[in-house]
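Colleague: generate coordinates for the sequence data below:
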Amino acid sequence: MFRPTPAKSHYTYNLRDVSKVFQGISKTTPRAVRSEDEMVKIWAHECTRVFHDRLISETDRTMFLDEILKPQMKETFRKKWSDLVLVEPLLFASFVPTVYPDNDTTKKAIPDIYCEMTDRGLMRKVCEDSLVDFNMMNR
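Modeller: Sure, this is the predicted structure:
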């Protein structure tokens, strides 16, 4: 399906790419993955990070999602993409704390946990604040 061509010579995949998916999954902790659905979402995110992000055309990216990832999710995990992924694109990161002890949002969020980025406003604020700090230090 995604064969290398002169324009797409980087469309070569091997077991190292598959291992990168599992390396990404291993970045998370039980605090961040509290359900089977969360684990399926992190698997989908890592597949998009390793394979989808390498694709150069919108056609290829759409084909990857619609013909490979979503059907595989449904077949293997019996989960439907639209039921699990409420905020697109599906993103996981550890630089924005979004996991709270005992799910109590009145407590301070736990830092450095690889978890889903559902609050895009908070993510944007953290990125902009980091950019301001960087620019202040590097004039």
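Colleague: buried set for the longest helix seen in the chain?
Modeller: Criterion DSSP state H: the longest helix present in the chain is helix 120-137. Within helix 120-137, the residues scored as buried using 16 or more other Cβ atoms under 10 Å are Met123, Val126. In this view, the C-beta of every residue, glycine as well, is placed from N, C-alpha and C.
Colleague: quick check: mean pLDDT across that helix?
Modeller: Helix 120-137 comes out with an average pLDDT of 94.
Colleague: can I get it in PDB, CA atoms only?
Modeller: C-alpha atoms of helix 120-137 as PDB (Å, rounded to 0.1, in the frame of the first residue of the first chain):
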ATOM      1  CA  ARG A 120      -6.000  22.100  24.000                       C
ATOM      2  CA  GLY A 121      -6.400  25.500  25.600                       C
ATOM      3  CA  LEU A 122      -4.200  24.500  28.500                       C
ATOM      4  CA  MET A 123      -1.700  22.900  26.100                       C
ATOM      5  CA  ARG A 124      -1.600  26.100  24.000                       C
ATOM      6  CA  LYS A 125      -1.100  28.200  27.200                       C
ATOM      7  CA  VAL A 126       1.800  26.000  28.400                       C
ATOM      8  CA  CYS A 127       3.400  26.100  24.900                       C
ATOM      9  CA  GLU A 128       3.100  29.900  24.700                       C
ATOM     10  CA  ASP A 129       4.400  30.400  28.300                       C
ATOM     11  CA  SER A 130       7.400  28.200  27.400                       C
ATOM     12  CA  LEU A 131       8.000  30.200  24.300                       C
ATOM     13  CA  VAL A 132       7.900  33.500  26.200                       C
ATOM     14  CA  ASP A 133      10.400  32.000  28.800                       C
ATOM     15  CA  PHE A 134      12.600  30.800  26.000                       C
ATOM     16  CA  ASN A 135      12.600  34.200  24.300                       C
ATOM     17  CA  MET A 136      13.300  36.000  27.600                       C
ATOM     18  CA  MET A 137      16.400  33.800  28.200                       C
END
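Colleague: brilliant, that's me finished.
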